[in-house]
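*Asks:* Requesting a structural model of the entry that follows:
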Amino acid sequence: MMPGGSAPGGLADGLSADTALARFILDLRSKGLTDPALLTAFERVPRARFLPGIAPGRLYSPLALPLPCGEEATDPFSLARHLVLLDLRPGLRVLEIGTGSGFLAALMARLGASVTSYERYRTLIRQAEAALRASGAEDVRLALGDGLARIEGLGGFDRVILNGALEQVPAFLLERIGPGGIMLGHRRRGRETRLVIWRKDLTGHAKPQDLGPSRAGILRAGLPAAL
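*Replies:* Residues are numbered from 1 along each chain as shown. This next block holds a predicted model:
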């Protein structure tokens, strides 16, 4: 049995999406994640639209789920934690590196953020665009491109989130957030991946804080020749 009493398969596969969501919300509450805006975001953004073909009972399991192009969708418990750490509020500008399914972008927009999300796979961009339209998500801009490259004219942001692990986080990404801003990402050290947060103080200084082990995949640079 997984944390919170959710089974990774078996019985979970037979649940309806609504039942799986209800159990997930109860699990979040039991872990102390009770912010009404956070819970409402998960309730109002149906994950099934972003993960077609996944059994309804597995949509809210504490497991990464497969995406096209060999990628994985982060489990919703980790997403909830990331959203809390980002401390999102209406009007904040967020840069997301690694759109994936688009589910996290939709959640952040639901919380009032203006999201710019970069994805290196054309296939994932197309599927995310369709899912975002179907879910009615607003204020999300998807871009096909290498989010780990220095992009001129992109402007500044209040939050940056890296949906994957890097051995070395580019300094220019941290430069994109101003005083009071937050960047959240993952560092890869050998076979271990760690969740790391940077919070800029009012002088613009940011020191990384290690938040413990994570299960993020590798965040790759460049654009693939296919897919």
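
*Asks:* Run a quick neighbour tally on the spatially closest residue to residue 104 that is not a sequence neighbour.
*Replies:* With Cβ to Cβ, 6 or more residues apart in numbering as the measure, residue 79 is the residue that lies nearest to residue 104, at 5.6 Å, once sequence neighbours are left out. Bear in mind the C-beta positions are built from the backbone N, C-alpha and C, glycine included. By other Cβ atoms under 10 Å, 19 other residues sit near residue 79.

*Asks:* next one: residue 221
*Replies:* Residue 221: 11 neighbours (other Cβ under 10 Å).

*Asks:* What's the end-to-end length of stretch 200-219?
*Replies:* Stretch 200-219 stretches 23 Å from its first residue to its last (Cα to Cα, to the nearest Å).

*Asks:* give the contact list for the residue positioned nearest the centre of the chain.
*Replies:* Centroid-nearest residue in the chain: residue 104, 4.3 Å away (criterion: Cα atoms, centre = their mean). Each residue near residue 104 by Cβ atoms under 8 Å, 6 or more residues apart in numbering is listed here: 74, 79, 82, 83, 96, 161, 163.

*Asks:* Distance to residue 134 and pLDDT added to the residues you listed, as TSV?
*Replies:* Shown next, in TSV, are those (distance: Cβ to Cβ, whole Å; pLDDT from 0 to 100):
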residue	distance to residue 134	pLDDT
74	20	96
79	19	98
82	23	98
83	21	98
96	19	98
161	23	98
163	21	97
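
*Asks:* ok, back up a step: SS state for the residue nearest to the centre of the chain?
*Replies:* Secondary structure assignment for residue 104 (DSSP: H, G, I helix; E, B strand; the rest coil): helix.

*Asks:* Against residue 122, how distant is it?
*Replies:* Using Cβ to Cβ, to the nearest Å, one obtains 19 Å as the distance from residue 104 to residue 122.

*Asks:* hang on, the earlier thing: just name whatever secondary elements the helix or strand containing the residue nearest to residue 104 is in contact with.
*Replies:* Assigned by DSSP states H and E, residue 79 belongs to helix 76-86. Judged by 3 or more Cβ pairs under 8 Å, 6 or more residues apart in numbering; DSSP states H and E, helix 76-86 is in contact with helix 17-30, helix 36-44, helix 103-110, strand 157-166, strand 177-189.

*Asks:* Indicate which one of the ones you listed is closest to residue 221.
*Replies:* For residue 221, the closest of these is strand 157-166, at 8.7 Å, according to Cβ to Cβ.

*Asks:* Now do the following helix or strand past that closest one: distance to the chain's middle.
*Replies:* Next along the chain after strand 157-166, taking DSSP H and E as the criterion, comes helix 171-175. Taking Cα atoms, centre = their mean, to the nearest Å, one finds helix 171-175 lying 19 Å from the centre of the chain it belongs to.

*Asks:* elements contacting helix 171-175?
*Replies:* Against helix 171-175 (3+ Cβ pairs under 8 Å, 6+ apart) you get strand 157-166.

*Asks:* Which residues belonging to the lowest-mean-pLDDT helix or strand in the chain are considered buried?
*Replies:* Every helix and strand of the chain was ranked by mean pLDDT, DSSP states H and E. The lowest is helix 171-175, at a mean of 93. Neighbour-count burial for helix 171-175 flags 173, 174 (criterion: 16 or more other Cβ atoms under 10 Å).
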